[in-house]
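Student: Here is my input, please return the structure:
(one chain, ligands or ions: 1)
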Amino acid sequence: MGSGPVERWKVISKHLGALSSRSEADVADVQKAIMKYNPKYEKQWLFDSLASFVKVIPKEDNYLPSLFPKMAALALKLPEHVKKAIPLLSAGRTAAVTLSQVQISCLLANAFFCTFPHRNACGAHTEYWGLPSINFTSLFGKTSQRKRQKLRAIMQYFKEVTDSPPRGLVTFERRCLSNAELPDWTSSKKKLLQLHVTSQGSIEDDGVGMLQVDFAASLVGGGVLNSGLLQEEILFLIHPELIVSRLFTERLGDNECLIITGCQKFSIYSGFGDRFEWVGPCVDSVGRDEWFRLQRQIVAMDALHFKHPSEQYDVRKVQRELNKAYCGFKKVGAGEPDVATGKWGCGAFNGEPQLKALIQLMAAAEAGRGLAFFTFRDEKTKRDVEQMYKLLVREDVTVGQLYALIQDYCRLRTHGGSGVDLLQFITLRSSRSQL
Ligand code: APR
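Tutor: Take a look at the predicted model:
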């Protein structure tokens, strides 16, 4: 097999072409085709997960044998649907890419058939340090209940887009703020804006119409194409068009985020982590904007990953999180909605919910937006955040004063004061009129 892109595409066309001309195909056919143009991975790539997934689909709705050929046909439309190279959303630059939903479906069909060269996962890493993996290969091997459920959501997407191609557009915007565009947290006179805290519901269901936060990894999508099944991965599975961002979005830097406008919701789920289950298809009833994009906006922003929770009580880290959240929340025009968020950075990344809530409140105040904070059934955090907010609003504090307060709290924590939580610290300072 030749190594150039033209030769590679010829081989892909031959084998996916053969697959697409059949009325039905099974996993062995899919595997055979994929391995023809990826021979160097012959010994590494497994397909047991895909095979075991096919077996658990109830017979009456086993749409897969006829779906594989349709997906191969969709993948082969790449030269027709994507005539120009898609620009990279590269590090350090604000830039946007708008794709039609049909283009995205074609690119994702290519990802499914692993046609992108050198864009695979290698263990926990990717072949390019600065770019996420995009080929679906790691979803196909090492079977698990998690992967079977993930594949249900993904195949539901392909079923829908091959039955009736969606007609809208989706915009992916990388936002990179320069130092001059970042707030001076020390001297900010901004006051906290509205906050609604709830332990019920979720960001994606109950934050419709708001800017929804994706608790992201710096390589967007995190472990969506592997075993990960936390907030970000679930978001990407129920809105699979988000996955295409992995094709062209370089690792996010400290002052960067990715904003996605217009992606469609295709699935309903229940549970989280090991208890995640695909429940069924979703009819997306969200309206469209003047660009024919669905009125859904998601911001991928990666919190810091603390190996040990004590690491977060460091002013430089607090400042990094403030800048990151501000970058995500910054408005570009009037009439932009409030933010739907929650325990950003407080699960896999070991952040502390009171501190992260305060950081997001401060960033939202700077950006001029209110916050809806979903604690995801965590009643304690709901009570704590509500109490903290009430106290701070009563004292009419500014963002600058809060920044100074957090600095003091960090000092206390680094000098061994781990028995006092942030809410207790604020309550104490308030009782001494020291806010
Ligand atoms: N809506 C609101 N809150 C949620 C939702 C949801 N849909 N899903 C989860 N949560 C809550 C849970 O309480 C969870 O523990 O948010 C908390 C934090 O979620 P994580 O996904 O663990 O977020 P984070 O700590 O930022 O970890 C990010 O995990 O998913 C990967 O790719 C991602 O590597 C990144 C890391």
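Student: From the contact counts, what lies against the top strand by length along the chain?
Tutor: Counting residues, the longest strand in the chain under DSSP state E turns out to be strand 169-176. Contacting strand 169-176 under the criterion 3 or more C-beta pairs under 8 Å, 6 or more residues apart in numbering; DSSP states H and E are the following elements: strand 95-100, helix 101-112, strand 256-261, helix 315-329. In short, each C-beta sits where N, CA and C put it, glycine included.
Student: and the second one, C-alpha only, in CSV?
Tutor: As requested, the backbone C-alpha atoms of helix 101-112 are provided in CSV (Å, rounded to 0.1, in the frame of the first residue of the first chain):
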residue,chain,number,x,y,z
GLN,A,101,-24.4,18.6,10.2
VAL,A,102,-24.1,16.5,7.0
GLN,A,103,-20.4,17.3,6.8
ILE,A,104,-20.0,16.3,10.5
SER,A,105,-21.8,13.0,9.9
CYS,A,106,-19.5,12.2,7.0
LEU,A,107,-16.4,13.1,9.1
LEU,A,108,-17.7,11.0,12.0
ALA,A,109,-18.4,8.0,9.6
ASN,A,110,-14.7,8.3,8.6
ALA,A,111,-13.7,8.3,12.3
PHE,A,112,-15.8,5.2,12.8
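Student: Run through who's touching it.
Tutor: The contact list for helix 101-112 (C-beta atoms under 8 Å, 6 or more residues apart in numbering) reads 71-72, 74-75, 77-78, 81-82, 86, 99, 116, 134-136, 154, 157-158, 161-162, 165-170, 240-241, 243-244, 247, 264.
Student: which of these count as buried?
Tutor: By neighbour count, with 16 or more other C-beta atoms under 10 Å, the contacts of helix 101-112 hold 71-72, 74-75, 78, 81-82, 99, 116, 134-136, 154, 157-158, 161-162, 166, 168-170, 240-241, 243-244, 247, 264 as buried.
Student: Return the subset of these lying in strands.
Tutor: Going by DSSP E, the strands hold 99, 169, 170 from the buried ones among the contacts of helix 101-112.
Student: Can you tell me how far residue 177 is from the ligand?
Tutor: Applying C-beta to the nearest ligand atom, to the nearest Å, the value for residue 177 to the ligand is 20 Å.
Student: How many neighbouring residues does that residue have?
Tutor: Using other C-beta atoms under 10 Å, residue 177 has 19 other residues around it.
Student: Buried ones in the helix or strand that residue 197 is a member of, by neighbour count?
Tutor: According to DSSP states H and E, residue 197 maps onto strand 195-198. Using 16+ other C-beta under 10 Å as the test for burial, strand 195-198 gives 195, 197.
Student: Near the ligand, list only the ones from the contacts of helix 101-112.
Tutor: Residues of these in contact with the ligand (C-beta under 6 Å from any ligand atom): none.
Student: what's the longest helix that the chain contains packed up against?
Tutor: What stands out as the longest helix in the chain, according to DSSP state H, is helix 145-163. Counting contacts by 3+ C-beta pairs under 8 Å, 6+ apart, helix 145-163 is packed against helix 48-56, helix 64-76, helix 101-112, helix 137-140, helix 231-238, strand 267-270, strand 277-281.
Student: okay if I get these as TSV plus mean pLDDT and distance to residue 390?
Tutor: TSV is the format used below for the helices and strands packed on helix 145-163 (pLDDT from 0 to 100; distance: least, C-beta to C-beta, whole Å):
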stretch	mean pLDDT	distance to residue 390
helix 48-56	91	49
helix 64-76	97	53
helix 101-112	98	44
helix 137-140	95	46
helix 231-238	98	27
strand 267-270	97	33
strand 277-281	96	37
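Student: Adding distance to residue 417, write those out as TSV.
Tutor: Shown next, in TSV, are these (distance: least, C-beta to C-beta, whole Å):
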stretch	distance to residue 417
helix 48-56	48
helix 64-76	57
helix 101-112	49
helix 137-140	44
helix 231-238	31
strand 267-270	41
strand 277-281	43
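Student: can you tell which of these is closest to residue 405?
Tutor: Among those, helix 231-238 comes nearest to residue 405, with 28.4 Å by C-beta to C-beta.
Student: So what touches the closest one?
Tutor: With C-beta under 8 Å, 6+ apart, helix 231-238 has contacts from 150, 153-154, 203-204, 214-217, 220-224, 242-243, 265-269, 272, 276, 278, 282, 298, 300, 347.
Student: Please tabulate the ones in strands among the buried ones among the contacts of helix 101-112 in JSON lines, including the columns pLDDT.
Tutor: Formatted as JSON lines, those follow (pLDDT from 0 to 100):
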{"residue": "99", "pLDDT": "98"}
{"residue": "169", "pLDDT": "98"}
{"residue": "170", "pLDDT": "98"}
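Student: possible to save those residues as CSV with distance to residue 178?
Tutor: Shown next, in CSV, are those (distance: C-beta to C-beta, whole Å):
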residue, distance to residue 178
99, 27
169, 28
170, 27
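Student: Go through those and name the one nearest the ligand.
Tutor: The ligand has its nearest neighbour among those in residue 170, at 19.9 Å by C-beta to the nearest ligand atom.
Student: I'd say that closest one and residue 243 touch.
Tutor: No - with contact defined as C-beta atoms under 8 Å, residue 170 does not reach residue 243; the gap is 11.5 Å.
Student: Would you tell me what helix or strand the residue nearest to residue 341 when sequence neighbours are not counted is located in?
Tutor: Spatially, and ignoring its direct neighbours in sequence, residue 341 is nearest to residue 213 (4.1 Å; C-beta to C-beta, 6 or more residues apart in numbering). In this structure, residue 213 sits in strand 211-216 according to DSSP H and E.
Student: Equivalent analysis for residue 87, please.
Tutor: Applying DSSP H and E, one finds residue 87 in no helix or strand.
Student: got the residues of this protein near the ligand?
Tutor: 202-204, 215-217, 222-223, 228, 230-233, 272, 303, 342-349, 374, 376, 378.
Student: now the residue lying closest to residue 120 once chain neighbours are set aside: how far from residue 406?
Tutor: Computed as C-beta to C-beta, 6+ apart, the closest residue to residue 120 that is not its neighbour in sequence is residue 135, at 4.9 Å. The gap separating residue 135 from residue 406 is 43 Å, by C-beta to C-beta, to the nearest Å.
Student: now swap in residue 310 and tell me
Tutor: In this view, residue 310 and residue 406 are 15 Å apart by C-beta to C-beta.
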